[in-house]
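>>> Turn this into a model:
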Amino acid sequence: MIDAIGYISAIIIGIILSLIGSGGSILTIPVLVYIFTIEPILATTYSLFIVGLTAFFGAIKNIKKGNIDFKIGLIFTSPSLLSIYFTRRFILPSLPQKIKITDTFYYKTEQLILIFLALIMVLAAVSMITNRNNSIIKKEINYFIIIIEGLIIGLVTGLVGAGGGFLIIPMLVLFGGLSMKKAIGTSLMIISLKSLIGIIGDFQLSLNIDWPFLLSFSCFSLFGMFIGLYISRFMSGEKLKKIFGYFVLSIAVFIFLKELY
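Sure, this is the predicted structure:
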């Protein structure tokens, strides 16, 4: 029964990523950790694979529609790839198992990763609930800001395994001068490339990966992606953002309560 809930969640993740270009990835780790009881750091590796593969197929679909700006996407992706590879290959493996807060109080690194993820989820939820993307006014292209944002989001992706689409899309509109449709398509391309590089860094660490499970979960997520592509013919992803934002916020609160108390 629990596994069934997990695989249904995988389908939902694919649908969300397909419809709004972000958000699906930040649900992947809670599903893996709390439903399938996978250790959090390994769950970030699984998340990169699942989200990267799902975003890849979404990006291909958007290429056919002409909804990807390769120049802006590659300018953003290049520093992001360096950042995520360095984070996954060197920073994450070097973190201690426990981090001391006071003389008598400490947190496990796994707990802090989940707490950091919950903070990212709160930011994502606020972005979706307030519909900030819709109110963004496009400005002239600022390549410096795009590069800095790429480095920062690469670090976030490396630490928590989330694609960061909710941060990428507004940045592409505001500083890259892209329309919302092109920003969503370009975001999927960026997420797929970042995830691939992050996984390469992990594979060099010889992690014990359960491939049958990972591939089966990914297949359900891909199935959700294709469902989302079909739904998008009749429904705008913008209509779902606010509802999904409240859902993400509730999951973030759950993680805070579970990990802090």
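>>> For burial, what's the neighbour tally of residue 143?
A count of nearby residues for residue 143, using other Cβ atoms under 10 Å, gives 12. The way it works is simple: take the backbone N, C-alpha and C, and place the C-beta from them, glycine included.
>>> Give me the distance between it and residue 225.
Applying Cβ to Cβ, to the nearest Å, the value for residue 143 to residue 225 is 31 Å.
>>> Check residue 175 too.
As defined by Cβ to Cβ, residue 175 lies at a distance of 27 Å from residue 225.
>>> Ok, residue 167 next?
Residue 167 sits 21 Å away from residue 225, going by Cβ to Cβ.
>>> Neighbour count for these two, which is higher?
Counted by other Cβ under 10 Å, residue 167 and residue 225 do not tie: residue 225 has more neighbours, with 27 against 21.
>>> ok, the more buried one - contacts?
Residues near residue 225 by Cβ atoms under 8 Å, 6 or more residues apart in numbering: 14-15, 17-18, 54, 57-58.
>>> got a pLDDT number for the closest residue to it other than its chain neighbours?
The shortest distance from residue 225 to any non-neighbouring residue, by Cβ to Cβ, 6 or more residues apart in numbering, is to residue 14 (4.0 Å). On pLDDT, residue 14 comes in at 87.
>>> what ranges do the helices span in the stretch 51-200 of the chain?
70-86, 92-94, 109-129, 143-160, 165-174, 180-203 (DSSP state H, counting those that start in this stretch).
>>> Could I get the buried residue list for stretch 254-261?
255-256, 259 (16 or more other Cβ atoms under 10 Å).
>>> Any buried residues in stretch 110-118, and which?
In stretch 110-118, counting by 16+ other Cβ under 10 Å, buried: 110-115, 117-118.
>>> Out of those, which is nearest to residue 171?
residue 117 (20.0 Å; Cβ to Cβ).
>>> which residue sits closest to the closest one, ignoring its sequence neighbours?
Closest residue to residue 117 apart from its sequence neighbours, by Cβ to Cβ, 6+ apart: residue 160 at 4.4 Å.
>>> That neighbour: neighbouring residues, count only.
By other Cβ under 10 Å, the residues close to residue 160 number 24.
>>> Do you know the pLDDT at it?
Value listed for residue 160 in the pLDDT field: 75.
>>> Output the below-cut-off pLDDT ranges for the protein.
In the predicted model of the chain, residues 21-25, 101-104, 131-140, 161, 163, 204-206, 236-241 satisfy pLDDT under 70.
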